[in-house]
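K.L.:
no sequence for this one, just the structure:
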């Protein structure tokens, strides 16, 4: 595990902190931003053995949500990134919530216990449509009921488009390991 906590981290000030969580079958990452001075003050990564049974991974995630000291307080805001290769981009003009399953299953397999989530892009004319096992989504939303859930590619896509508009000669690459 990786754990870095700044000396300015204060458990009594978490209502001014933004919590970001990235969760996937390969691990659980916690990142805390002090929104007053815009400084990251905590980072912790808990790796999972991706060769283990998914049920054991789900149990580990629930245990982290219940016991991890860094996330037991209330936060100003919470974002969750779900790391998975099960996503697709859909043009805004074509996207309708009622057809989301049809769009998703054109490119991906939707398991019985998966739920579909989608995120409109601020900078492109597309929707990121992705699945997340309800054994992961339910405990996260139960603990952080105001958490927004995004696919892990969303920040990269948004920032690439934003930066690319200012500097059109730039190229951006998103490289992800460990899915297969």
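P.N.:
Looks like it arrived, so ask away. Please read all numbers here as calculations on a predicted model, not as lab measurements. Numbering: from 1, shown residues only.
K.L.:
mean pLDDT per helix and strand in the protein: which one sits at the bottom?
P.N.:
Lowest mean confidence among the helices and strands of the chain (mean pLDDT, DSSP states H and E): helix 154-166, at a mean of 71.
K.L.:
and it, what's buried?
P.N.:
154, 157, 158, 160 (16 or more other CB atoms under 10 Å). Just so you know, the C-beta spots here come from the backbone N, C-alpha and C atoms, and that holds for glycine as well.
K.L.:
go on, stretch 74-93?
P.N.:
Those would be 75, 78-84, 86-90, for stretch 74-93 by 16+ other CB under 10 Å.
K.L.:
what is the distance between that stretch and the centre of its chain?
P.N.:
Stretch 74-93 sits 5 Å away from the centroid of its parent chain (CA atoms, centre = their mean, to the nearest Å).
K.L.:
and for stretch 98-105?
P.N.:
How far stretch 98-105 lies from its chain's middle: 21 Å, per CA atoms, centre = their mean.
K.L.:
repeat that for stretch 88-105.
P.N.:
Between the centre of stretch 88-105 and the centre of its chain there are 20 Å (CA atoms, centre = their mean).
K.L.:
endpoints of it, how far apart?
P.N.:
One end of stretch 88-105 sits 9 Å from the other (CA to CA, to the nearest Å).
K.L.:
how much space separates residue 130 from residue 32?
P.N.:
24 Å (CB to CB, to the nearest Å).
K.L.:
show me the contacts for the closest residue to residue 125 other than its chain neighbours.
P.N.:
Spatial nearest neighbour of residue 125, excluding adjacent residues (CB to CB, 6 or more residues apart in numbering): residue 92 at 4.5 Å. Neighbouring residues of residue 92 by CB atoms under 8 Å, 6 or more residues apart in numbering: 120, 125, 126, 127.
K.L.:
pull out the buried positions in the helix or strand where residue 60 lies.
P.N.:
Assigned by DSSP states H and E, residue 60 belongs to helix 54-67. Neighbour counts over helix 54-67 (16+ other CB under 10 Å) mark 57, 58, 60, 61, 62, 64, 65 as buried.
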